[in-house]
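*Asks:* Provided below are the primary sequence and the corresponding predicted coordinates.
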Amino acid sequence: MFIYSLPLFFSQIGYATPLELLIITLGLLVVLVITAPSDGQNTPPIPQDNFLFAAWTGNASLIWVFLPFFLLINVGLYATDTLAKTGLITVSSWDEIHFAFIVPIIWWLTSVWRSEVVSHSRLWHALARLCTLSVVFEYALKLLIRCNYARLFFDCEEILMDYGSCF
């Protein structure tokens, strides 16, 4: 996450400075730690045959819900952005790939927020929530870049077939 979009956000777009974003992130982390369920509220997971359904209903362990999908989403977003930056995929293909990631990300967000009560640490609760919220921020940032700053992100001179998408 944020490999290509955050440097562009700070250098070209300039809505916030790195210090302002760090203060917002730390403040959000403090709020998430305070609102996380305490260690005494943890309930053991209910065993189910289907992992995806167990994760969706909050009956799977937080680490098993969070970590695999966090890695898959980040690898997918990095690969998509790298292909777009090098001009190997068009702007429309970049849009379609990100649109295809929306449903798994919604599933992941919901599963992480529901599976928190199975974890054993308030800090891990808060960090998992912060990472899921950062994915939402990443998507909002990518939407801003796609709508208003496409010529900064995409190599529009190399893309002849989809040149109209750069405006």
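*Replies:* Sure thing, it's come through.

*Asks:* Who are the packing partners of the helix or strand bottoming out on mean pLDDT in the chain?
*Replies:* Lowest mean confidence among the helices and strands of the chain (mean pLDDT, DSSP states H and E): helix 150-153, at a mean of 76. Counting contacts by 3 or more C-beta pairs under 8 Å, 6 or more residues apart in numbering; DSSP states H and E, helix 150-153 is packed against helix 5-8, helix 122-148. In this view, the C-beta of every residue, glycine as well, is placed from N, C-alpha and C.

*Asks:* As a markdown table, those with mean neighbour count would be great.
*Replies:* Formatted as a markdown table, the helices and strands packed on helix 150-153 follow (neighbours: other C-beta atoms under 10 Å):
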| stretch | mean neighbour count |
| --- | --- |
| helix 5-8 | 16 |
| helix 122-148 | 17 |
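
*Asks:* Relative to S93, which of these is closest?
*Replies:* Proximity of the helices and strands packed on helix 150-153 to S93 was assessed by C-beta to C-beta; the nearest stretch is helix 122-148, lying at 12.3 Å.

*Asks:* and the closest one, average pLDDT?
*Replies:* Helix 122-148 shows an average pLDDT of 89 in the prediction.

*Asks:* for it, packing partners?
*Replies:* In this structure, helix 122-148 makes packing contacts with helix 5-8, helix 18-35, helix 62-86, helix 91-114, helix 150-153, judged by 3+ C-beta pairs under 8 Å, 6+ apart.

*Asks:* Can you tell me what sits against the first one?
*Replies:* With C-beta atoms under 8 Å, 6 or more residues apart in numbering as the contact definition, helix 5-8 has outside contacts at 81, 138, 141-142, 145, 149, 152-153.

*Asks:* now do the third one
*Replies:* By C-beta under 8 Å, 6+ apart, the residues outside helix 62-86 that reach it are 1, 3-5, 51, 55, 89, 91, 93-94, 97-98, 101, 104-105, 108, 111-112, 115-116, 118-119, 124-125, 128, 131, 135, 138, 153-155.

*Asks:* how about that helix: buried residues?
*Replies:* 62, 64-66, 69-70, 73-74, 76-77, 80-81, 84 (16 or more other C-beta atoms under 10 Å).
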